[in-house]
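Peer 1: Structure here, sequence nowhere to be found:
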């Protein structure tokens, strides 16, 4: 069994909760509660995640809020620490994420996308192996989802042979099973002393007229009974095999339809991306990219491509985006731009400020936010609001790299808006 994130913090001596094992049990209960909250409502998890990733986050509101939940399970925890145990809060959040991702796959998508942006720019010290473990697990879950939505372009898999279940053999009927009924239909008596006849035919066959009428009525009933019992026995014996056959057919058809739908979706997405790459026309700006100022190309390309993609996408898509930026911006695509410069340039764009999607991404003041969320807040307030990511705002990247950064954030926020359905866990007694 993999070591938990909490245990990793303890093993690296980044966290000290004393030698009382009951404290670890209390922390486990807190993580379970928080993981349930994140799994059911993943949108609330983005600010805590951004704070928990950053060892220099300080007394971030998203961290301090964990103290209230911790006190529910460990009422005296503040007596065990001097000041706010921020590292403990961060460890609880990260452990909760590891658990929540297993139930809420969209959280794994978010962790993978946002983590790929932010973690390389943070000074995490000894925590690198812990955060890398979380990111690797997120990417593994995302990869499974990608396989379903975006099948690899390989040779068709060989079709497994279709096994038809065999019908069970019916038991042979004992030869004399129907003798008493037939004998009773044939006449008043029988030559078998051990057989008693129930209301036999009162006529012998040497009384043709009377006997034939009586025999026909009695034999018709016997034959009908024989037929019904034989048919019912056959149906009863074949029903399990026929059900198994029907279930197998349904499974095969559903598997085929799902695979074909995934392949069809992939072909459609690929076609749209190729058309977009050749046209270099922005739907969000309602103009060709070449007519936009270079800094604005980054946001509009990210926004437009996000609309063309499913929930998850292969890495090659980001290469396609990078090359599209270079084809559009020319030599300006190679220039290094800081985060604050890019934010200020985009904030002044009326096209970007008018985006309904962007307006929906505004966050509460003072909360940790993604770059795109900070842009939404800036456009709404009319003044620059720098993102609180733990990343140096003087960080420089090329326009193509910033476009990939923005695409990841847009897709992460899109994923949060359409989470998987997750059942509530029963409350512990």
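Peer 2: Done, it's in. All of these numbers come straight from a predicted model, not from anything done at the bench.
Peer 1: So residue 272 versus residue 398, what's the distance?
Peer 2: Residue 272 sits 25 Å away from residue 398, going by C-beta to C-beta, to the nearest Å. Any C-beta I mention is one placed from the backbone N, CA and C, and that applies to glycine too.
Peer 1: okay, those two: which has more neighbours?
Peer 2: residue 398 (19 against 14; other C-beta atoms under 10 Å).
Peer 1: ok, the spatially most central residue of the chain - contacts?
Peer 2: Nearest to the geometric centre of the chain sits residue 105, at 4.0 Å (C-alpha atoms, centre = their mean). The contact partners of residue 105, taken as C-beta atoms under 8 Å, 6 or more residues apart in numbering, are 141-142, 145, 420.
Peer 1: What is the most widely separated pair among those residues?
Peer 2: The largest separation in the contacts of residue 105, counting by C-beta to C-beta, is between 142 and 420 at 12.8 Å.
Peer 1: okay, these two: which has more neighbours?
Peer 2: Neighbour count, other C-beta under 10 Å: between residue 142 and residue 420, residue 142 has more, with 23 against 13.
Peer 1: ok, and the closest non-adjacent residue to the more buried one?
Peer 2: Nearest-residue entry for residue 142: residue 112, 4.7 Å, with adjacent residues in sequence omitted and distances by C-beta to C-beta, 6 or more residues apart in numbering.
Peer 1: Quickly find the element holding the one you found.
Peer 2: helix 105-118 (DSSP states H and E).
Peer 1: who touches the following helix or strand past that helix?
Peer 2: Going down the chain from helix 105-118, the next helix or strand is helix 128-149, by DSSP H and E. Helix 128-149 is contacted from outside by 5, 8-9, 12, 53, 94, 97-98, 101-102, 105, 107-109, 111-112, 115-116, 119, 124, 258, 262, 265-266, 310-314, using C-beta under 8 Å, 6+ apart.
Peer 1: Buried among the residues you listed? Make that a PyMOL selection.
Peer 2: If you want just the buried ones from these in PyMOL, going by 16 or more other C-beta atoms under 10 Å, the selection is:
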select buried, resi 5+8+9+53+94+97+98+101+105+107+108+109+111+112+115+116+119+124+262+266+310+311+312+313
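Peer 1: I'd like to check the angle between the biggest helix by length in the chain and helix 128-149, please.
Peer 2: As assigned by DSSP state H, the longest helix anywhere in the chain is helix 208-279. Counting by axes from the mean of the first three to the mean of the last three C-alpha atoms, to 10 degrees, helix 208-279 lies at 120 degrees to helix 128-149.
Peer 1: now for helix 208-279, which elements pack on it?
Peer 2: Helix 208-279 is packed against helix 128-149, helix 179-186, helix 294-308, helix 316-329, with contacts defined by 3 or more C-beta pairs under 8 Å, 6 or more residues apart in numbering; DSSP states H and E.
Peer 1: What ranges in the stretch 151-300 of the chain fall below the confidence cut-off?
Peer 2: 152-178, 256, 259-262 (pLDDT under 70).
Peer 1: Pull the distance from stretch 388-399 to the chain's centre.
Peer 2: Offset of stretch 388-399 from its chain centre (C-alpha atoms, centre = their mean, to the nearest Å): 31 Å.
Peer 1: Stretch 122-129 too?
Peer 2: For stretch 122-129, the distance to the chain centre is 29 Å (C-alpha atoms, centre = their mean).
Peer 1: Domains of the chain: list them as residue ranges, please.
Peer 2: 5-149, 273-417 (automatic domain parsing).
Peer 1: Among those, which comes closest to residue 242?
Peer 2: Nearest of those (C-beta to C-beta): domain 5-149, 31.3 Å.
Peer 1: mean confidence for that closest one?
Peer 2: Per-region confidence: domain 5-149 scores 93 on mean pLDDT.
Peer 1: Span of it from start to end?
Peer 2: Domain 5-149 has an end-to-end distance of 30 Å (criterion: C-alpha to C-alpha, to the nearest Å).
Peer 1: distance between that domain and the chain's centre?
Peer 2: 20 Å.
Peer 1: same deal with stretch 234-253?
Peer 2: Between the centre of stretch 234-253 and the centre of its chain there are 31 Å (C-alpha atoms, centre = their mean).
Peer 1: Pick the one among the contacts of residue 105 closest to residue 333.
Peer 2: Nearest to residue 333 among the contacts of residue 105: residue 142, at 28.0 Å, using C-beta to C-beta.
Peer 1: any idea how far residue 135 is from the closest one?
Peer 2: 10 Å.
Peer 1: who's in contact with the residue nearest to residue 313 when sequence neighbours are not counted?
Peer 2: With sequence-adjacent residues excluded and distances taken as C-beta to C-beta, 6+ apart, residue 313 is closest to residue 150, at 6.7 Å. Residues in contact with residue 150, defined by C-beta under 8 Å, 6+ apart, are 262, 266, 269, 310, 312-314.
Peer 1: quick check, nearest of these to residue 303?
Peer 2: residue 313 (14.9 Å).
Peer 1: Need the phi and psi values for the residue nearest to residue 313.
Peer 2: When read as degrees, to the nearest 10, the backbone of residue 150 gives phi -140, psi 80.
Peer 1: Likewise for residue 288?
Peer 2: Note on residue 288: its backbone torsions stand at phi -60, psi 150 [degrees, to the nearest 10].
Peer 1: what does residue 281 give?
Peer 2: For residue 281, the backbone dihedrals (degrees, to the nearest 10) come out as phi -120, psi 130.
Peer 1: To what extent is it buried, counted in neighbours?
Peer 2: Other residues close to residue 281 by other C-beta under 10 Å number 15.
Peer 1: what are the bridge partners for it, then?
Peer 2: residue 288 (DSSP bridges).
Peer 1: wait, what's in contact with it?
Peer 2: Here residue 281 is in contact with 287-289 (C-beta under 8 Å, 6+ apart).
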